[in-house]
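Novice: please find the sequence and the predicted model below.
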Amino acid sequence: MSNKIVLGYDDSEAAKSALAFAVSLAKSQGAELVIAHVLEWSPYSFLTPEELSERHKRREEELKRAEDALLAPVRKNLEGSGVNVTTELRYGHIAETLVDVIKESAAGHLIIGRTGHSALSSRLFGSVAGSLAQAAPVPVTIVP
């Protein structure tokens with residue numbers, strides 16, 4: 001089994017609890033921690049070239065904001081923690097993209113918070129945690 005742990009992180013309270021758990025586990029196992037944030041983005045094939053260009057520009061701005069506001073502070077807070085931390089920032093379907101990160105990083109464990117920022121919509125349409133519990137190719141720990 002790999003000595004890497006992927007953490008799905010969105011800065012929600014549940015994600016912060018999952019982060020604390022993941023750091024503790026990584027320390028105890030001497031594991032590397034990959035903190036992954038996925039910006040949900042659905043492509044539209046019927047957009048004009050101008051709309052696609054504008055959409056690409058907004059996408060780049062969102063990636064920069066997420067890096068600056070979410071991932072960079074987490075990396076800074078974990079400096080000196082004794083855990084080797086890397087981050088991944090991606091666009092796509094959250095569950096599918098986290099599965100891709102797991103496979104690409106050859107991780108052996110996934111940790112996620114039970115609910116993220118989309119708690120109401122997840123109750124209506126199904127949760128990311130539920131999808132990952134069924135689809136992830138590695139053991140999943142869901143932290144309340």
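Specialist: That came through, no problem.
Novice: which residue ranges of the chain form strands?
Specialist: Listed in chain order, the strands of the chain (DSSP state E) span 4-8, 32-39, 85-91, 109-113, 140-143.
Novice: make TSV out of those strands and add mean pLDDT.
Specialist: Shown next, in TSV, are the strands of the chain (pLDDT from 0 to 100):
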stretch	mean pLDDT
strand 4-8	97
strand 32-39	96
strand 85-91	95
strand 109-113	95
strand 140-143	94
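Novice: check the burial of residue 12 by counting its neighbours.
Specialist: Under the neighbour criterion other C-beta atoms under 10 Å, residue 12 is assigned a count of 16. Backbone N, C-alpha and C define where each C-beta goes, glycine included.
Novice: before we move on, what about residue 98?
Specialist: When neighbours are counted by other C-beta under 10 Å, residue 98 registers 28.
Novice: for the strands of the chain, which one sits closest to residue 51?
Specialist: Among the strands of the chain, strand 85-91 comes nearest to residue 51, with 16.8 Å by C-beta to C-beta.
Novice: what residues of that closest one count as buried?
Specialist: Going by neighbour count (16 or more other C-beta atoms under 10 Å), the buried part of strand 85-91 is 85, 87-90.
Novice: for stretch 91-102, same thing?
Specialist: In terms of neighbour count (16+ other C-beta under 10 Å), stretch 91-102 has its buried residues at 94-95, 97-102.
Novice: what's the closest of those to residue 81?
Specialist: So of those, ranked by how close each gets to residue 81 (C-beta to C-beta), first place is residue 101, at 20.8 Å.
Novice: what sits against that closest one?
Specialist: Contacts for residue 101 were tallied using C-beta atoms under 8 Å, 6 or more residues apart in numbering; they are 6, 34, 36, 88, 90, 107.
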